[in-house]
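# 3D model of this:
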Amino acid sequence: MRLRLNVVETIAGNGSAGSTANQLEGPFGIFVDTNFDLYVADFENDRVQLFRSGQTNAITVAGGQIIKLKNPSHVILDGKKYVFIADGGNHRIIGSNENGFRCIVSCSGSGGSTQEKLRFPRSLAFDSFGNLFVTDLNNSRIQKFERITWLKFERSREFSIVPDVLFNCTSQWILKNSSNTILIETGFSELFIPARKLPLGVYKLEFTGCLTSLIYIEIIPTNIIPNLVQFGTSMITSGFEQDLKLDPGTYSIDPDEVSFDSKVRFSIDFIPQFFRKFIEMDLQILLSNLSNI
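As a prediction, the model looks like this:
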């Protein structure tokens, strides 16, 4: 059976060069998403246009006042529908996220032939692991840029990281900061970091095994919101009977630190003598156990 394609329909541009919403000038790369919406790298107009399915007037998604482009040659979307653009005349790759557009590859402002630079990138493609492939036209090469993820965690919270795909092969996590390298875990795809394990700062985390993935982790201070109540506090620092003293700073708790101040004073003078000896025994056992933590 022979399939004949004999129906031709113009779905973007009106046949004449221009910069209005229904025109294009020198269109290069295109991308069609799962909704049949069409993204066009409008080369000569220094913009990327989005033609919704069934519409002939486009929306500018990049270029102009949104982010400056120069001769964009290709546009693609990732699995989360974020837009990535080969900004050929600026020798860089532009990507979007929830905060808008930013440069992600070759961001020095000029083209070059070193590993981190491009010279007139022409087209883009993602593999199934999120790594980005770029045709580096004037350098006569194809560049692969591994996916980089930046994560932030509060120091007082435990966290885990799981690759998008779990593997049966031998794998390991390597954690690096500015001064040393730490082998975190081997033999497992999932990484678990207990609370207060890592000091504050930025770490480079590499996952190696069937593939290599790069993640940057920033350990940040815990966002503490005080809960003050009139004539009282949620933690007894020192006091006698029911007249409590609010003494911030002396026995304050920092959730980012692994410590316990066993010098907290308890007053049980107002408790009947019959019960006092049992409470004293329980307090001694409690303080003894806490001091061994």
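
# so who does the closest residue to Arg47 other than its chain neighbours touch?
Nearest residue to Arg47 in three dimensions, chain neighbours excluded: Gly63, at 2.9 Å (CB to CB, 6 or more residues apart in numbering). From N, CA and C alone the C-beta is placed, and that goes for glycine too. Shown in contact with Gly63 (CB atoms under 8 Å, 6 or more residues apart in numbering): Asp42, Asn45, Asp46, Arg47, Val48, Leu69, Pro72.

# Out of those residues, the closest to Asp78 would be?
Nearest to Asp78 among the contacts of Gly63, counting by CB to CB, is Val48 at 14.8 Å.

# what's the burial count for that closest one?
Per other CB atoms under 10 Å, the neighbour tally for Val48 reads 28.

# count of residues packed around Ala41?
When neighbours are counted by other CB under 10 Å, Ala41 comes out with 30.

# just for this structure, where's the confidence low?
Low-confidence segments of the chain (pLDDT under 70): 1-6, 148, 163-171, 178-189, 208-214, 224-254, 258-293.

# picking up where we left off before, how far away is the residue nearest to Arg47 from Arg155?
Counting by CB to CB, to the nearest Å, the gap from Gly63 to Arg155 is 41 Å.

# go on, Glu190?
Counting by CB to CB, the separation of Glu190 from Arg155 is 20 Å.

# Between these two, which is the more surrounded one?
Arg155 (19 against 12).

# ok, and the closest non-adjacent residue to that one?
Asp256 (4.3 Å).

# so who does that neighbour touch?
Taking CB under 8 Å, 6+ apart, we find Asp256 in contact with Glu154, Arg155, Ser156, Arg196, Leu200, Pro221, Thr222.

# Selecting buried members of those residues in ChimeraX, what would you type?
To isolate the buried ones among these in ChimeraX, judged by 16 or more other CB atoms under 10 Å, type:
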select :154,155,156,196
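
# Which ones among the contacts of Asp256 map onto strands?
Judged by DSSP state E, the contacts of Asp256 include Glu154 as members of strands.

# Between the contacts of Asp256, which sits nearest Asn57?
Nearest to Asn57, judged by CB to CB, of the contacts of Asp256 is Glu154 at 46.3 Å.

# Now do the buried residues in the helix or strand containing Val61.
Using DSSP states H and E, Val61 sits within strand 59-63. For strand 59-63, a neighbour-count test (16+ other CB under 10 Å) marks Thr60, Val61, Ala62, Gly63 as buried.

# Next, give me the two most distant ones among these.
Val61 and Gly63 (8.1 Å).

# Quickly list what's touching both of the two.
Joint contacts of Val61 and Gly63 (CB under 8 Å, 6+ apart) are Val48.

# Next, work out how far apart the residue nearest to Arg47 and Ser123 are.
Taking CB to CB, one finds Gly63 at 18 Å from Ser123.

# Please flag which of the contacts of Gly63 sit within strands.
Those of the contacts of Gly63 mapping onto strands are Asp42, Arg47, Val48, Pro72, per DSSP E.

# so can I have TSV of the residues you listed showing distance to Glu25?
Output for the ones in strands among the contacts of Gly63, formatted as TSV (distance: CB to CB, whole Å):
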residue	distance to Glu25
Asp42	7
Arg47	10
Val48	13
Pro72	12
